[in-house]
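Trainee: Fold the following and give me the result.
(2 chains)
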Number of protein chains: 2
Amino acid sequence: MTMETQNDFLKERRKFSPITPEILGDFSAVLCTQGNKPEVSSEIKKLFPKSLNQGFVSLQKGHCNHLYPLTVGIVFSGGQAPGGHNVVSGLFDAIKRIHLDSKVIGFLQGPDGIIKGEYRELEKQEIAMYRNTGGFDLIGSGRTKIETKEQLERAAITVKALALDGLVIVGGDDSNTNAAILAEYFLQKSLTTKVIGVPKTIDGDLKNEYIESSFGFDTACKVYGEVIGNIARDAISAKKYYHFIKLMGRSASHIALECALQVQPTLTLISEEIREKKYTLQRVIDELSRLIDQRAKAGKNYGIIVIPEGLIEFIPEINELISLLNQIIAKHGGQASLEERIEIVHRSMPSSLATIFASFPKEIQSQLLLDRDPHGNVQVSKIATEKLLIHLVSLQLQNRAKFVAVDHFFGYEGRCGYPSNFDATYCYALGVFTALLIRDGFTGYMSCIKNLSQDPSQWECFGLPLTTLLHLEERHGTRKPVIQKALVDLKGAPFQHFTQNREKWALEDCFKFPSPIQFFGPSFITNSISLTLKLEQK
Amino acid sequence: MTMETQNDFLKERRKFSPITPEILGDFSAVLCTQGNKPEVSSEIKKLFPKSLNQGFVSLQKGHCNHLYPLTVGIVFSGGQAPGGHNVVSGLFDAIKRIHLDSKVIGFLQGPDGIIKGEYRELEKQEIAMYRNTGGFDLIGSGRTKIETKEQLERAAITVKALALDGLVIVGGDDSNTNAAILAEYFLQKSLTTKVIGVPKTIDGDLKNEYIESSFGFDTACKVYGEVIGNIARDAISAKKYYHFIKLMGRSASHIALECALQVQPTLTLISEEIREKKYTLQRVIDELSRLIDQRAKAGKNYGIIVIPEGLIEFIPEINELISLLNQIIAKHGGQASLEERIEIVHRSMPSSLATIFASFPKEIQSQLLLDRDPHGNVQVSKIATEKLLIHLVSLQLQNRAKFVAVDHFFGYEGRCGYPSNFDATYCYALGVFTALLIRDGFTGYMSCIKNLSQDPSQWECFGLPLTTLLHLEERHGTRKPVIQKALVDLKGAPFQHFTQNREKWALEDCFKFPSPIQFFGPSFITNSISLTLKLEQK
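Mentor: I've put the predicted structure just below:
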């Protein structure tokens, strides 16, 4: 970023100084393990012999004697999330405070940068330009995993050559699994590089009894909330369109739920509920159509329908349809044209599924039959669910109600926004605490913070042994360690609040219109937290 | 809006008190016509005999003796634009200041509300809730024009029944033409209701030597700028996608140009330039492909491509193709299936056009052949230009460059955002000045403000005779008065700034990342104006 590409806002926002938790004020405190060591399965024990038997880590009063400089590498892994640059800033400030000769090395374009040895030392001046900004553009990101023997060896060569005291992996569930694997590998190879994971993902699915929230979720949802609110206001002004809005978030519906709480749309589909209730696609269409009919009777031919990205995989029969399509095409149709594929599908499928497939719009049929991932499978995340639902609802309604729909998909719009005060502060503190974990010699940990709904001065930092999060799962034919993605908890307070209010929202237009994220002005506006977190910690 | 649907931001933002131009501080000033009467054509003279011969109106020091209450109706006409609620607030505050018993009547859901006599008196309490909010949801909007003899008569009945002193039409070019027609009609029928237009449209195409900017353009572009900036940041972080972003704005490319100035994307297509240079579609594709190739050689397989909504109508051959399609389908294919229509098109078209049509993706072919407006014509605005360009560029590139593209369309996202300080202030002042125009007996005028790039205290209000803006044009077979839509001026400073910089932007990634609109904090951030206006008035 050159001076030229700055703007007035940026000059001001860069001055924002995140409040750090009180406990981080005292760098002479030392980190200690404490409490019971968490249980892990015997399979995990076998895979992680060296990094096992680690307890939770917290800061204790004491006197730290650490006197030498640290060299710490950092990498962004996976999709962008607002706040990443503040993890770097926090880490940088902390290791410089530990020793002025400490260095932060940024690996370029994700884990590939570690494998290929592509990196750059990050200087004070450069980091200053990126404080409180969104995106991962300081060093880029990528999706490669460090998994194969060769990749692991090359990673070891890189960290050794740089004499890294620590390697910080900023990522989601897969990347933190990868951090655990690297930590174990380095221990086995007697390397002294400590590996620490930082919980990142806008999807909000890296969450459990230990992790209250991943960073980026707050900002991304606020950006989506702003534009959905604007669209809702357009809908009740013009009173002529149903807006079907699909939201990023992979399998889990956390983003859709948070946006529902923020905007109070006409209807929000929550994948986890649809699976729990074993809804068919027809049932979903019926419910949508019934609501649209009912509103039409009240003279309301408009509304906001929010759809989570993962919906389609949560409808059992569609799951079955997709897996059958994968098999059929693999067996019969690798080289066939679209028409031949349609023909083959009709021949080879049970009629119930063939009927569902035939009801899909041409565009989606061809996407399902032609658009394949490298494994030859349907690319579920690319299915235009919002268009599919409009098409089917429209067929179902016939001319019963006046139904004109507009589709939207929001994802990239929110992953690189300027981080909210919450995310800016959270990330900065994660960065600082990560430096202390490395200083005090811990590896195979995730940097974590709890009590996030309280004032940042009251937040509590702790180190979570990554193995605690792991269990084995079948992936492409082999059992691999994974971190369970957290789905929306149907018994949790956010979903309960949603179900208690949704009938009213469906009929009475209770839209709220979230503002664009505000960075200046009253603290009750600038320091607001996600409604999910607020309800969860009420 | 109930108290329940409020949010913390709103409570604070409602307190924002727009600065009004100094001249509006003194309500004892009177309005006078001044200067030369503007020239209008003889055809316009014939159509507007009563409302002709009016000069520009400005405020003069004096002593106003107006002592009785005013009843003023207001209507929102056409698409939403941020700031409309502040026109109502300004109007309300001003007529209450003129006389405490004055009333504002809101016509519901657009001009239909006037025709059908559907309205509501707007009370202080209600208006208070909508100050500085986006959207038109206070009274709704609609697209009906008051044109036929019956519609005009019914409008006259409504304004007479309400004994309206004034009728304020908040709208774009068509709605302001309609305001001129109503003003003339009321004069001819000796009604005392004054008709005043207010220049609204996010598209920015209601602009000329008299009108510096329509309201809503500023806010809408800032919302689009925010999300495009976020996507640009995502693009340079992940470095793997080309984002093709289509922006609302009807024919003119003002929104695309403003967003280009704000974000400095890789490439922005400006329809007006493409028409001026008589580019073929192939030429546009060539240019895009060449740039993508060139960037690929520099290792850059990502970028931001901004496309104005109206692009397709500005490419001469596509215009020809569409008009031929309209003729062919009207003649041969009214009832034909998609396959039959494709067949007919191939038979009836010159091969050059048939080749272009055949190169389009199936989805767009069927949209062109099946999706028709009430007149049986292709719905040009619904053509997914962003998808068409991705498809054709992808074919052209073959495997020369790594090209993965994502499409976006932004429109509804920006039409109802919370108005920026600029729009909130502009609209409030327009509302106040409108009240004075009505008080002092002017009709057939547009409420206008100049020197908009200066501090609001220095803005100058004036009344612009609507007939000045009119000329006759062929529409659906008859010559009708219309206001010329302003296209991007290729000699104007904004476009010149763009052309002077675009080569650099194309190759060097000079992205800027506009912040979400800020409403609190330093004035140089909250009171910023559009770059278009800034450059035009430099």
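
Trainee: what's around the closest residue to residue A:126 other than its chain neighbours, how many residues?
Mentor: Once flanking residues are discounted, residue A:126 sits nearest to residue A:138: 7.4 Å by Cβ to Cβ, 6 or more residues apart in numbering or on different chains. (Each C-beta comes from the backbone N, C-alpha and C, glycine too.) Neighbour count for residue A:138, taken as other Cβ atoms under 10 Å in any protein chain shown: 23.

Trainee: Parallel or antiparallel, list what pairs with the helix or strand bottoming out on mean pLDDT in chain A.
Mentor: Ranking every helix and strand in chain A by mean pLDDT, DSSP states H and E puts strand A:30-34 at the bottom, with a mean of 79. Strand pairing for strand A:30-34, using DSSP bridges, gives strand A:56-60 (antiparallel).

Trainee: Run through who's touching the least confident helix or strand of chain A.
Mentor: A:54-60, A:62-64, A:436-437, A:440, A:442, A:463 (Cβ atoms under 8 Å, 6 or more residues apart in numbering or on different chains).

Trainee: Which strands or helices does whatever helix or strand comes next after it pack on?
Mentor: Proceeding N to C from strand A:30-34, the next assigned helix or strand is helix A:42-47, under DSSP states H and E. The contact analysis (3 or more Cβ pairs under 8 Å, 6 or more residues apart in numbering or on different chains; DSSP states H and E) places helix A:42-47 against strand A:470-475, strand A:478-483.

Trainee: Widest-spaced pair of the contacts of strand A:30-34?
Mentor: A:54 and A:63 (23.3 Å; Cβ to Cβ).

Trainee: In the stretch 201-350 of chain A, where is pLDDT below threshold?
Mentor: A:333-334 (pLDDT under 70).

Trainee: of all the helices and strands packed on helix A:42-47, which gets the most neighbours per residue?
Mentor: Of all the helices and strands packed on helix A:42-47, strand A:478-483 has the most neighbours on average by mean count of other Cβ atoms under 10 Å in any protein chain shown, namely a mean of 16.

Trainee: can you give me how far the helix or strand just after it is from the chain middle?
Mentor: Later in the chain than strand A:478-483, the nearest helix or strand by DSSP H and E is helix A:493-508. Offset of helix A:493-508 from its chain centre (Cα atoms, centre = their mean, to the nearest Å): 24 Å.

Trainee: Can you name the residues in contact with helix A:493-508?
Mentor: By Cβ under 8 Å, 6+ apart, the list of residues contacting helix A:493-508 reads A:257-258, A:260-261, A:264-268, A:270, A:272-273, A:291, A:294-295, A:298, A:488-489, A:510, A:531-532, A:535-536, A:538.

Trainee: so who does the residue lying closest to residue A:161 once chain neighbours are set aside touch?
Mentor: Spatial nearest neighbour of residue A:161, excluding adjacent residues (Cβ to Cβ, 6+ apart): residue A:117 at 7.1 Å. Contact analysis of residue A:117 by Cβ under 8 Å, 6+ apart lists A:154, A:157-158, A:161.

Trainee: Now do the biggest helix by length in chain A: distance to the chain's middle.
Mentor: Ranked by residue count, the top helix of chain A under DSSP state H comes out as helix A:217-238. With Cα atoms, centre = their mean as the basis, helix A:217-238 stands 19 Å off its chain's centre.

Trainee: Give me the buried subset of the contacts of helix A:493-508.
Mentor: The neighbour count (16 or more other Cβ atoms under 10 Å in any protein chain shown) marks A:257-258, A:260-261, A:264-268, A:270, A:272-273, A:291, A:295, A:488, A:510, A:531-532, A:535-536 as buried among the contacts of helix A:493-508.

Trainee: can you list the residues of the stretch 201-350 of chain A near chain B?
Mentor: Within the stretch 201-350 of chain A, the positions near chain B by Cβ under 8 Å from any Cβ of the partner chain are A:223, A:226-227, A:230-231, A:233-234, A:236-239, A:243, A:264.

Trainee: hmm, which two among these are most spread apart?
Mentor: Going by Cβ to Cβ, the pair spanning these furthest: A:223 and A:239, at 26.0 Å.

Trainee: Settle it for me: which of the two has more neighbours?
Mentor: residue A:223 (27 against 20).

Trainee: Contact partners for the residue nearest to the more buried one when sequence neighbours are not counted?
Mentor: Leaving aside its sequence neighbours, residue A:223 sits nearest to residue A:414 (Cβ to Cβ, 6+ apart; 3.8 Å). Residue A:414 makes contact with A:82, A:202, A:219-224, A:248, B:230 under the criterion Cβ under 8 Å, 6+ apart.

Trainee: what does residue A:300 give?
Mentor: Per Cβ under 8 Å, 6+ apart, neighbours of residue A:300: A:239, A:509.

Trainee: Name the SS class of it, please.
Mentor: Secondary structure, DSSP: H, G, I helix; E, B strand; the rest coil: residue A:300 is coil.

Trainee: How about the one 4 residues further on?
Mentor: Classification of residue A:304 into helix, strand or coil gives strand, according to three-state DSSP.

Trainee: Show me the beta-bridge partners of it.
Mentor: What pairs with residue A:304, by the bridge criterion (DSSP bridges), is residue A:243.

Trainee: That one contacts residue A:230, doesn't it?
Mentor: No - Residue A:304 is beyond contact range of residue A:230, at 10.8 Å (criterion: Cβ atoms under 8 Å).

Trainee: circling back: just the buried residues out of the contacts of strand A:30-34, in PyMOL syntax.
Mentor: Remark: buried members of the contacts of strand A:30-34, expressed as a PyMOL selection using 16+ other Cβ under 10 Å:
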select buried, chain A and resi 54+56+57+58+59+436+437+440+442+463
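
Trainee: between the contacts of strand A:30-34, which is closest to chain B?
Mentor: Distances from chain B to the contacts of strand A:30-34, taken as Cβ to the nearest Cβ, are shortest for residue A:437 (25.6 Å).

Trainee: Contacts only, for that closest one.
Mentor: Neighbours of residue A:437 in contact, by Cβ under 8 Å, 6+ apart: A:31, A:57, A:166, A:194, A:196, A:445, A:447, A:463.

Trainee: Could you list the residues of the stretch 401-538 of chain A in contact with chain B?
Mentor: So the stretch 401-538 of chain A meets chain B at A:406, A:408, A:412-418, A:510-522, A:524-525, A:528 (Cβ under 8 Å from any Cβ).

Trainee: Take these and keep only those in helices.
Mentor: Counting by DSSP H, these contribute A:524-525 to helices.

Trainee: What count of nearby residues applies to residue A:112?
Mentor: There are 20 residues near residue A:112, going by other Cβ under 10 Å.

Trainee: do residue A:18 as well
Mentor: Residues near residue A:18, counting by other Cβ under 10 Å: 22.

Trainee: Quick check: it touching residue A:86?
Mentor: Yes - assessed by Cβ under 8 Å, residue A:18 is found in contact with residue A:86 at 7.0 Å.

Trainee: Break down the stretch 351-500 of chain A into its strands, ranges please.
Mentor: A:405-410, A:445-450, A:460-465, A:470-475, A:478-483 (DSSP state E, counting those that start in this stretch).

Trainee: To clarify, my last question referred to the stretch 151-300 of chain A.
Mentor: Under DSSP E, counting those that start in this stretch, the stretch 151-300 of chain A gives strands at A:166-171, A:194-199, A:242-247, A:267-268.

Trainee: can you tell me which residues contact residue A:201?
Mentor: A:78-79, A:81, A:171-173, A:214, A:216-217.
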